[in-house]
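K.L.:
Could you work out the structure for the sequence below:
(2 chains)
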2 protein chains.
Amino acid sequence: MIKIYDMNEVRDQDIFLRHDAVKDVSQPVAEIIRRVRAEGDAALYHYAREFDKVELSALAVTEQELDEALSAEEPEFLAVLEQAAKNIRAYHAKQKRQSFIMEEKEGVILGQKIMPLGRVGIYVPGGTAAYPSTVLMNAIPAHIAGVGEIVMVTPPGKDGKVNPAILAAAKIAGVTQIYKVGGAQAIAALAYGTESIPQVDKIVGPGNAYVAEAKKQVFGQVNIDMIAGPSEVLVIADGKSNPAFVAADLLSQAEHDKMASAVLVTESRELAQAVAQELERQIPLLEREEIARASIDCNGKIIVSPNLEQAIDVANRIAPEHLELCVDSPFDYLSQIQNAGSIFLGRWNPEPMGDYFAGPNHTLPTSGTARFYSPLSVDDFIKKSQFSYYTRPALEKEYRQVSLFAKKEGLTAHARAVDIRFDEKEAGK
Amino acid sequence: MIKIYDMNEVRDQDIFLRHDAVKDVSQPVAEIIRRVRAEGDAALYHYAREFDKVELSALAVTEQELDEALSAEEPEFLAVLEQAAKNIRAYHAKQKRQSFIMEEKEGVILGQKIMPLGRVGIYVPGGTAAYPSTVLMNAIPAHIAGVGEIVMVTPPGKDGKVNPAILAAAKIAGVTQIYKVGGAQAIAALAYGTESIPQVDKIVGPGNAYVAEAKKQVFGQVNIDMIAGPSEVLVIADGKSNPAFVAADLLSQAEHDKMASAVLVTESRELAQAVAQELERQIPLLEREEIARASIDCNGKIIVSPNLEQAIDVANRIAPEHLELCVDSPFDYLSQIQNAGSIFLGRWNPEPMGDYFAGPNHTLPTSGTARFYSPLSVDDFIKKSQFSYYTRPALEKEYRQVSLFAKKEGLTAHARAVDIRFDEKEAGK
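P.N.:
Sure thing, here's the model as predicted:
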């Protein structure tokens, strides 16, 4: 059963479970990466036999396999997938940025070019955690950014096939290549390239401890997204909230994983007690009862706060991944929220709306990193280059200042590079 | 003497020196961080005695010290510093982004809030590498982003004072607090906080091997900027280029550091030879002759390319930190450049213009990471939060689709969180 605390009984750092108890897999992962670099595709076939228990005849998913997957899916689900993709596209399109150019001084042109990354890799877990929403949320921002090649990797089943819902989502989201390879070996293939799989500039997407460790090890060779910690939701609810809704929202987080944290902060002790009862009523109704029970009993909390303002202060201090504000006039509080990945406003907007459908991304900063990190976005799939241009007369106006600054720093060859252009003897050579 | 190669004689990966031969300092750095966390300010005073050879009476630079530094500086230098800051501000102001809101569907509001980081730390090296330009380039983007507290740390001299040019730059750039602490201990103080020094959300700025290792070790606790590799310039010059200018530009890079790489690619064998001769003529004229000589002889190269297009292809493959295009009509080539940190267009725009004055940032991705990283910018000092709002009727239109999607993923508690709101029996409880 969930515990109810007064606010002064819980330290900020204890509100969420914030550290995965992961075993150290750095050695086996380093060996997998070494072997993929040395042997290329042969290593990938080897690991498919060893880990996925399948003898693959090819790594790439063919057009035919893709078509078969699409025709195998129920039309009703495909329609939902299409609508979700449309919503996600509409939201992320607003994130797209333009290059700029400045011509504020005669003869000086400055600017910033925005360019898509050339090629990105998306890791999609297999098995029971094979989520088509993951494909949409990672591939669509890359597609909107203009990335030319979006390479998806995902482990095959024992039948050598990929979950058709994953393939359908990939097709809808604009993925350009799909390979049947999972685990640390997939990350190594994306980072260094093999005969079949092209090297990418950045790898995104969730994965198990081996995948996370492999991403850490190849970081620098390629860029990576955040390494996610356990998932979290903080629900702030006023006394008028429906306890059944609040409990259901907490449980949608709790069913993810025994490590997930679902925490309610409310100004109403009555609501606190009602939600605790509702949780007990609803948990036995869940398919994933065992996971939800473990998460709620071990990591769940209900905290009674003197008022809403103090509840929002807590949110800002702990920077939750997901924040629900189940209150009247939730927009009144929006400007007070400084640290949160995704903010769900109102009583009719439970977190699953954001997980699947509304449009914002579901890849969010965990473990308090919303203090300095942001949700996955189009920005994660672009790069910027600065550019500048001076005419001779424009440089002539400014070079003495630059020369003085460089000399002040003791970098006299820097000073020479500007001075020499106006030194008749040297320039005339 | 610099060597001249044909393009087919040099592999891409050998064009620049790309790995610092740094010794492993992870153990001593871990110990310094542990001690700062355990002892706070006392550890900082201890390390000031041990490493900086100074007995400090206070860590914070006082207003009086700041005023003294400003009045000690030459007015001519202060005027240049002010003008450089003005240019840097004008460029970075163009990078500032707005929050957005979407109201494309009745009853659905989606958006993205852009917020400044709450508090950032800027590391500024001391001694001979104490560069006021570093202060401007790191603090001004933070200031433009709206960061409330910009905390600078820099090691004191043996007299317990900070270089006045650094203090003047800090004042002009909008730094809010300055502490006399350097090395790994400064990074630890910013990451964890001490009695005097507040904990920050992100640490930026260059530093020696100890500082870089400390940034790596505290990454996750706080965010950090890129860890810079050796500095690089690729100069692409046509046959009409003035060899004295090209040589001076290469030397402005070479004087930084023996590990710096300055490489010319030209379609003209005649220019190649003339630049080689000019380098020999100019190197003995430099104050930092020894450093420039080592950099040019060990890491410098002149590569003769069949044409300009192939030179640009090389730039895109190696993604140089700095790229100069000394050609007629340089804007003709801008759209072809996909990978470069900062692009200097034309014959009258040597790299030092960007190091100090033009406005774009001088903190740039090195070691080929311009493939996926960008110059330091206002973006590095903001974070984003998503938000969403649904009215009851808006949710009612969409919840069945969300429920279907969630069930498809086997996450039935997710489905319940939307379904329960329209289940009269449950909602009515």
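K.L.:
Which of the helices or strands spans residue A:363?
P.N.:
Assigned by DSSP states H and E, residue A:363 belongs to no helix or strand.
K.L.:
and the nearest residue to it once chain neighbours are set aside, which of the three is it?
P.N.:
Distances taken as C-beta to C-beta, 6 or more residues apart in numbering or on different chains put residue A:376 closest to residue A:363, at 3.7 Å, once the chain neighbours are dropped. Every residue, glycine included, has its C-beta placed from N, CA and C. Put simply, residue A:376 is coil when judged by DSSP: H, G, I helix; E, B strand; the rest coil.
K.L.:
how about the residues of the stretch 1-150 of chain A near chain B?
P.N.:
Counting by C-beta under 8 Å from any C-beta of the partner chain, the stretch 1-150 of chain A comes close to chain B at A:76-77, A:80-81, A:83-84, A:90-91, A:94-95, A:97, A:100, A:102, A:104, A:108-110, A:112-113, A:115, A:117-118, A:128, A:131-133.
K.L.:
Show me which of the residues you listed are buried.
P.N.:
A:77, A:80-81, A:84, A:91, A:94-95, A:102, A:108-110, A:112-113, A:115, A:117-118, A:131-133 (16 or more other C-beta atoms under 10 Å in any protein chain shown).
K.L.:
Out of these, list just those in helices.
P.N.:
A:77, A:80, A:81, A:84, A:91, A:132, A:133 (DSSP state H).
K.L.:
Give me every residue in the stretch 151-300 of chain A lying close to chain B.
P.N.:
Counting by C-beta under 8 Å from any C-beta, the stretch 151-300 of chain A sits next to chain B at A:165, A:201-202, A:220, A:222-223, A:242-245, A:248-249, A:251-252, A:254-256, A:278, A:282, A:285-288, A:292.
K.L.:
Now, of the residues you listed, which are buried?
P.N.:
For these, buried by 16+ other C-beta under 10 Å: A:165, A:201-202, A:222-223, A:242-245, A:248-249, A:251-252, A:254-256, A:278, A:282, A:286, A:288, A:292.
K.L.:
just to revisit the earlier point, what's the farthest-apart pair in the ones in helices among the buried ones among the residues of the stretch 1-150 of chain A next to chain B?
P.N.:
Greatest spacing in those, by C-beta to C-beta: A:77 and A:91 (21.3 Å).
K.L.:
Point out where chain A drops to low pLDDT.
P.N.:
Where chain A drops to pLDDT under 70, the residues are A:20-22, A:429.
K.L.:
which residue packs closest to residue A:218, ignoring adjacent ones?
P.N.:
In space, residue A:218 is closest to residue A:191, 3.7 Å off (C-beta to C-beta, 6+ apart).
K.L.:
The one you found falls within a helix, correct?
P.N.:
Yes - according to three-state DSSP, residue A:191 belongs to a helix.
K.L.:
That one touches residue A:201, doesn't it?
P.N.:
No - Residue A:191 lies out of contact with residue A:201 (C-beta atoms under 8 Å); the separation is 10.0 Å.
K.L.:
shared neighbours of those two, which are they?
P.N.:
residue A:222 (C-beta atoms under 8 Å, 6 or more residues apart in numbering or on different chains).
K.L.:
dump the residue contacts of the residue nearest in space to the middle of chain A.
P.N.:
By C-alpha atoms, centre = their mean, chain A has its centre lying nearest to residue A:363, at 3.3 Å. Contact partners of residue A:363, counting by C-beta under 8 Å, 6+ apart, are A:137, A:138, A:204, A:206, A:225, A:226, A:228, A:375, A:376.
K.L.:
From chain B, how far off is residue A:414?
P.N.:
The gap separating residue A:414 from chain B is 4 Å, by C-beta to the nearest C-beta, to the nearest Å.
K.L.:
so how far is the strand or helix carrying that residue from its chain's centroid?
P.N.:
In the assignment (DSSP H and E), residue A:414 maps to helix A:412-419. Distance of helix A:412-419 from its chain centroid, counting by C-alpha atoms, centre = their mean, to the nearest Å, is 45 Å.
K.L.:
Stretch A:52-63 now?
P.N.:
27 Å.
K.L.:
how long is that stretch from one end to the other?
P.N.:
End-to-end span of stretch A:52-63 (C-alpha to C-alpha, to the nearest Å): 22 Å.
K.L.:
So which bits of it are buried?
P.N.:
Neighbour counts over stretch A:52-63 (16+ other C-beta under 10 Å) mark A:52, A:54, A:56, A:59, A:61 as buried.
K.L.:
so of those residues, which ones are in helices?
P.N.:
Per DSSP H, those never map to helices.
K.L.:
Near the residue nearest to residue A:218, how many other residues are there?
P.N.:
When counting by other C-beta atoms under 10 Å in any protein chain shown, one arrives at 24 neighbours for residue A:191.
K.L.:
What of the one 4 residues further on?
P.N.:
Residue A:195 has 10 neighbours, counted by other C-beta under 10 Å.
K.L.:
ok, now residue A:362?
P.N.:
26.
K.L.:
now it: how far from residue A:217?
P.N.:
26 Å (C-beta to C-beta, to the nearest Å).
K.L.:
what's the answer for residue A:136, then?
P.N.:
Going from residue A:136 to residue A:217 by C-beta to C-beta gives 28 Å.
K.L.:
Residue A:343 too?
P.N.:
According to C-beta to C-beta, residue A:343 and residue A:217 sit 34 Å apart.
K.L.:
Which of those two has more residues huddled nearby?
P.N.:
The residue with more neighbours, out of residue A:343 and residue A:217, is residue A:343; 25 against 19, by other C-beta under 10 Å.
K.L.:
what's the helix or strand that the more buried one is a member of packed up against?
P.N.:
Per DSSP H and E, residue A:343 falls inside strand A:342-345. Contacts defined by 3 or more C-beta pairs under 8 Å, 6 or more residues apart in numbering or on different chains; DSSP states H and E place strand A:342-345 against strand A:322-326, helix A:331-334, helix A:352-356, strand B:382-390.
K.L.:
Figure out which of the ones you listed is closest to residue B:422.
P.N.:
Each of these was scored for nearness to residue B:422 using C-beta to C-beta, and the closest is strand B:382-390 (12.5 Å).
K.L.:
List the pairing partners of the closest one within its sheet, with orientation.
P.N.:
strand A:342-345 (parallel), strand B:108-116 (antiparallel) (DSSP bridges).
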